[in-house]
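Colleague: Got a sequence here, can you build the structure:
(chains A and B)
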Protein chains: 2
Amino acid sequence: MNTLNATTPQGKVTLLSAGPGDLDLLTIRAAKALAAADIVLLDDLANPDIVTLAPHARVIRVGKRGGCKSTPQAFIQRLMQRYARLGLHVVRVKGGDALLFGRAGEEIAALREARIAVDIVNGVSSGFAAAAGLGISLTHRDHCQGVTFVTAHRQDHGEPDWRALAATGMTLAIYMGMSRIAGIAASLSEALPASTPAAVVQHAGSPGERRLVTTLDRLAADAGAAGLESPAVIFVGGAIGEAMQRAAHGERGFAHAA
Amino acid sequence: MNTLNATTPQGKVTLLSAGPGDLDLLTIRAAKALAAADIVLLDDLANPDIVTLAPHARVIRVGKRGGCKSTPQAFIQRLMQRYARLGLHVVRVKGGDALLFGRAGEEIAALREARIAVDIVNGVSSGFAAAAGLGISLTHRDHCQGVTFVTAHRQDHGEPDWRALAATGMTLAIYMGMSRIAGIAASLSEALPASTPAAVVQHAGSPGERRLVTTLDRLAADAGAAGLESPAVIFVGGAIGEAMQRAAHGERGFAHAA
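Modeller: Predicted coordinates for the structure are as follows:
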């Protein structure tokens, strides 16, 4: 019995993961949902070319444009509900995987509250694409038992407990940390050796992908010297050391700090 | 300059992420790689129907069969190298995302050592599909700043430091933990409240998906009573509580312990 969905048999919202950038990294399910979409709500973190996969949809851009603030979250939620109530299939496109740092939890809760059916379509989070770019596994049994994806974004969350994270021995994949990379590296250095492997991947999974492999003590300086900026994933941990040989061989796409 | 690949211009190995099960959750890039494959090496964790996407390929099964041991890792690596050296496109299929708990690090290192070109194609890890099944986000700004994917598999890794993991406040997504769920829950209970939300999703992202939402103190007993077994993802953390309302409404696919 699915009573929550009973009042709106026709309209629904799909929270769709657009992946890290390249449209080839969309799932087949995502491509099918876009092909069937009536309305596409697109934010800045997704590749704008994704609309070519939604030929029948009206596209509404809800990200930051020209220095303006983002469309307020409450307005996005009202838009989704309004169109779903008209019986339309609304596809809300989110960068990466919608279930990681995408505020999907709030959107799902609001849609359930409004008794609107919600589908979720997974995708590739940029941390996975970044590891593929580095040519490494996020975990490696010689180094760690897992990986932590953590946001350094202060507005959404308090400051993570970097010391506690370092104590777990997990690979750290830090999102939205470029504006505070020096502080993050300093905090992690209180608990990890200076020689701990570290990396930055900008525009992971996109044609403009750029990579840097270094060590924790040089992370902030090297990223600055290489001109790496947001959007980027910062990695710290022993498993990242597997990338060092590749970078040392001068393979394409690896930045080298001055 | 890509000197590592220069000696085998024609053959290559693609480490391909098959996602959690449903073929719709493959990426478009994965489908293209399969369509172009000459050889497919398939392990047990991937949906066997995936071979329908590789019509030109010779399929070699390298997983456990009929109670036998897995094909030894060294033999799989020799197979990949042998066929790549013949100039063939070898696709090594791995469940979930190849870069999480898939021993990809070792395979990449061995292929590089052998100077064979390696492509990596990302996919959806089962933890993401499991969260989609629960209808929740892995992170939620009311609850946590990130998520840790950790394996409880003892053969590959030592025992994770559950107390240290609990201290981070991250959502925990525990893979390969069903055989030791009671011990894991007991260890986490030393650092987390008994009422901490917890869940189990078996066969995430597959038609046979089954879900349980409970609390940490009841996790092992409820999972046992519901008959949930491997393969499954265990979740622990505040963000998982967002699933409780859904389960309480009796939506389909949620198991209820006796």
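Colleague: How far away from the center of its chain is whichever helix or strand residue A:91 is part of?
Modeller: Per DSSP states H and E: residue A:91 is located in strand A:89-94. Taking CA atoms, centre = their mean, to the nearest Å, one finds the center of strand A:89-94 at 16 Å from the center of the full chain.
Colleague: So what touches that strand?
Modeller: With contacts defined as CB atoms under 8 Å, 6 or more residues apart in numbering or on different chains, strand A:89-94 is touched by A:11-18, A:33-34, A:36-43, A:45-46, A:50, A:54, A:57, A:76, A:79-80, A:83-84, A:98, A:102, A:104, A:107. From N, CA and C alone the C-beta is placed, and that goes for glycine too.
Colleague: from these, which ones fall inside helices?
Modeller: Residues from the contacts of strand A:89-94 lying in helices, with DSSP state H as the criterion: A:33, A:34, A:76, A:79, A:80, A:83, A:84, A:104, A:107.
Colleague: Turn those into TSV, including neighbour count.
Modeller: TSV is the format used below for those (neighbours: other CB atoms under 10 Å in any protein chain shown):
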residue	neighbour count
A:33	23
A:34	25
A:76	20
A:79	18
A:80	29
A:83	20
A:84	24
A:104	27
A:107	21
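Colleague: contacts with chain B among these, please.
Modeller: With CB under 8 Å from any CB of the partner chain as the criterion, those include residue A:104 near chain B.
Colleague: Is the spatially most central residue of chain A bridged to anything, and to what?
Modeller: By CA atoms, centre = their mean, chain A has its centre lying nearest to residue A:96, at 4.1 Å. Per DSSP bridges, the residues bridged to residue A:96 are residue A:19.
Colleague: Output the below-cut-off pLDDT ranges for the stretch 151-258 of chain A.
Modeller: Low-confidence segments of the stretch 151-258 of chain A (pLDDT under 70): A:154-158, A:246-253, A:255-258.
Colleague: could you pull out the strands for it?
Modeller: A:171-175, A:197-202, A:210-215, A:232-236 (DSSP state E, counting those that start in this stretch).
Colleague: wait, which of those is closest to residue B:152?
Modeller: Nearest of the strands of the stretch 151-258 of chain A to residue B:152, taken as CB to CB: strand A:171-175 at 16.5 Å.
Colleague: Show me what that closest one is packed against.
Modeller: Judged by 3 or more CB pairs under 8 Å, 6 or more residues apart in numbering or on different chains; DSSP states H and E, strand A:171-175 is in contact with helix A:126-134, strand A:146-151, strand A:232-236.
Colleague: between that strand and strand A:232-236, how big is the angle?
Modeller: Angle of strand A:171-175 versus strand A:232-236, following axes from the mean of the first three to the mean of the last three CA atoms, to 10 degrees, is 160 degrees.
Colleague: contact partners of strand A:171-175?
Modeller: Strand A:171-175 has contacts (CB under 8 Å, 6+ apart) with A:101, A:126-127, A:130-131, A:138-139, A:143-144, A:146-153, A:165-166, A:184, A:188, A:233-240.
Colleague: Can you narrow these down to the ones near chain B?
Modeller: When the contacts of strand A:171-175 are filtered against chain B using CB under 8 Å from any CB, the residues retained are A:101, A:131, A:138-139, A:144, A:146-151, A:165, A:239.
Colleague: would a markdown table of those with distance to residue B:197 and neighbour count be doable?
Modeller: Shown next, in a markdown table, are these (distance: CB to CB, whole Å; neighbours: other CB atoms under 10 Å in any protein chain shown):
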| residue | distance to residue B:197 | neighbour count |
| --- | --- | --- |
| A:101 | 19 | 29 |
| A:131 | 29 | 33 |
| A:138 | 25 | 32 |
| A:139 | 25 | 28 |
| A:144 | 26 | 24 |
| A:146 | 20 | 25 |
| A:147 | 22 | 27 |
| A:148 | 19 | 28 |
| A:149 | 19 | 30 |
| A:150 | 19 | 31 |
| A:151 | 20 | 19 |
| A:165 | 21 | 28 |
| A:239 | 29 | 26 |
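Colleague: just the residues you listed now: which is nearest residue A:192?
Modeller: Nearest to residue A:192 among these, counting by CB to CB, is residue A:165 at 9.7 Å.
Colleague: Thought residue A:150 was touching that closest one, still the case?
Modeller: Yes. At 6.5 Å, residue A:165 counts as touching residue A:150 under the criterion of CB atoms under 8 Å.
Colleague: which residues are in contact with both of those two?
Modeller: Counting by CB under 8 Å, 6+ apart, the contacts common to residue A:165 and residue A:150 are A:172, B:170.
Colleague: partners of the strand holding residue A:91, with directions?
Modeller: Using DSSP bridges, the strands paired with strand A:89-94 in its sheet are strand A:12-17 (parallel), strand A:39-42 (parallel).
Colleague: sorry, back to before: need the strands of the stretch 151-258 of chain A in JSON lines (columns: mean neighbour count).
Modeller: Formatted as JSON lines, these follow (neighbours: other CB under 10 Å):
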{"stretch": "strand A:171-175", "mean neighbour count": "28"}
{"stretch": "strand A:197-202", "mean neighbour count": "27"}
{"stretch": "strand A:210-215", "mean neighbour count": "23"}
{"stretch": "strand A:232-236", "mean neighbour count": "27"}
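Colleague: closest one to residue B:72 among these?
Modeller: Closest to residue B:72 of the strands of the stretch 151-258 of chain A is strand A:171-175 (CB to CB; 26.4 Å).
Colleague: Direction included, what does that closest one pair against?
Modeller: Using DSSP bridges, the strands paired with strand A:171-175 are strand A:146-151 (parallel), strand A:232-236 (antiparallel).
Colleague: Just the CA trace of it, in PDB.
Modeller: The C-alpha trace of strand A:171-175 is given here as PDB (Å, rounded to 0.1, in the frame of the first residue of the first chain):
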ATOM      1  CA  THR A 171      40.600   7.900   2.600                       C
ATOM      2  CA  LEU A 172      39.200  11.400   2.800                       C
ATOM      3  CA  ALA A 173      37.300  12.900  -0.200                       C
ATOM      4  CA  ILE A 174      36.600  16.500   0.600                       C
ATOM      5  CA  TYR A 175      34.000  18.400  -1.400                       C
END
